[in-house]
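Peer 1: Got a sequence here, can you model it:
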Amino acid sequence: MPGGRLTQQERRQIARGVAEGLPYAEIARSLDRPTSTVTREVTRNGGPAAYRAETAHRATEHRAHRRRGAGPRETRPAPQPYGRDADAVRAYEEVFTSMIMASGAPPMVSRVLACLSLTDSGSLTAAGLAGRLGVSPASVSKAITYLEGQGMIRRERDGGRRERYTVDDDIMYDSMMASARSTAELARTAREGAPVFGPGTPAGIRLENMARFLDHVSEAVARAAEQARDLLHTKPGTPPPDAPA
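Peer 2: Numbers count the residues shown, from 1 in each chain. The predicted model follows:
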């Protein structure tokens, strides 16, 4: 039934759709489910390449059993500020985390980044992250190291001995610029291969065209990120830059 747990038959239908390369939205429509349900289901169970209905069903049953055995303390979501619906917030956190995972980030890295991004302060200590996620401080530490290396979070002192980890408002800008730089590097590598294979050969022509395409994409992404950067710091009620006066 829509809104309830996925059945084994629904998981088999998801597996068939994934194997056929269907978009998640199309699979979800055939099940009368939200697209986020299918996205979360596939992402948390191995991704498109590894999703198997039977394995996913067993894993879900195992997770449900662990939650039941954890006692009533974990069955109730934490109270939320601003009158937010705690169940809706928890469900959205799962969807947001799943989408970060779908972009290629490791699971724990995705959970830490989502947790920081969805706090109003955008900042937590290692102990705060471990407590919210229900994981060990060592797991958080590894994820923090990865995210710092990617320039996606920064480390700050909170006035005492404790360190806080903060997700910057410019995280999307920094991510897009890093992607543009990576794409530009790939373009340079492709262009270096053209003379190796011969400028007039099929492989050489392919590499040169690939380089031209990637250069164009890199420049376009960097330019668009620069032009839109101010949107990341827009206050509520402020019209967009291109809105009529």
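Peer 1: Secondary structure element holding M108?
Peer 2: Secondary structure assignment for M108, by DSSP states H and E: helix 107-117.
Peer 1: What of R164?
Peer 2: Here R164 sits within strand 163-167, counting by DSSP H and E.
Peer 1: Which strands border that strand, and is each parallel or antiparallel?
Peer 2: Within its sheet, strand 163-167 is paired with strand 123-125 (antiparallel), strand 153-157 (antiparallel), according to DSSP bridges.
Peer 1: Give me the contacts around the last one.
Peer 2: Applying Cβ atoms under 8 Å, 6 or more residues apart in numbering, the contact partners of strand 153-157 are 113, 116, 123, 144, 147-148, 163-168, 171. C-beta: built from backbone N, CA, C; applies to glycine.
Peer 1: Mind picking the lowest-pLDDT entry from those?
Peer 2: Lowest pLDDT of the contacts of strand 153-157: D168, 77.
Peer 1: quick revisit: so for the strand holding R164, what gets flagged as buried?
Peer 2: Within strand 163-167, the residues scored as buried using 16 or more other Cβ atoms under 10 Å are R164, Y165, T166, V167.
Peer 1: JSON lines for these, including distance to A86?
Peer 2: As requested, the buried residues of strand 163-167 are exported to JSON lines (distance: Cβ to Cβ, whole Å):
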{"residue": "R164", "distance to A86": "24"}
{"residue": "Y165", "distance to A86": "24"}
{"residue": "T166", "distance to A86": "24"}
{"residue": "V167", "distance to A86": "22"}
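Peer 1: of the residues you listed, closest to E208?
Peer 2: Taking Cβ to Cβ as the measure, E208 sits nearest to V167 out of the buried residues of strand 163-167, at 39.5 Å.
Peer 1: Report the separation between the closest one and D120.
Peer 2: In this view, V167 and D120 are 12 Å apart by Cβ to Cβ, to the nearest Å.
Peer 1: And A53, by the same measure?
Peer 2: A53 is 38 Å from D120, by Cβ to Cβ.
Peer 1: now, the most widely separated pair of the contacts of strand 153-157?
Peer 2: Top of the distance list for the contacts of strand 153-157 (Cβ to Cβ): E163 and I171, 18.5 Å.
Peer 1: quick one: secondary structure of M176?
Peer 2: helix (DSSP: H, G, I helix; E, B strand; the rest coil).
Peer 1: What does the pLDDT read for it?
Peer 2: pLDDT, M176: 88.
Peer 1: so how many other residues sit close to the nearest residue to it once chain neighbours are set aside?
Peer 2: With sequence-adjacent residues excluded and distances taken as Cβ to Cβ, 6 or more residues apart in numbering, M176 is closest to A225, at 4.1 Å. Other residues within reach of A225, judged by other Cβ atoms under 10 Å, total 19.
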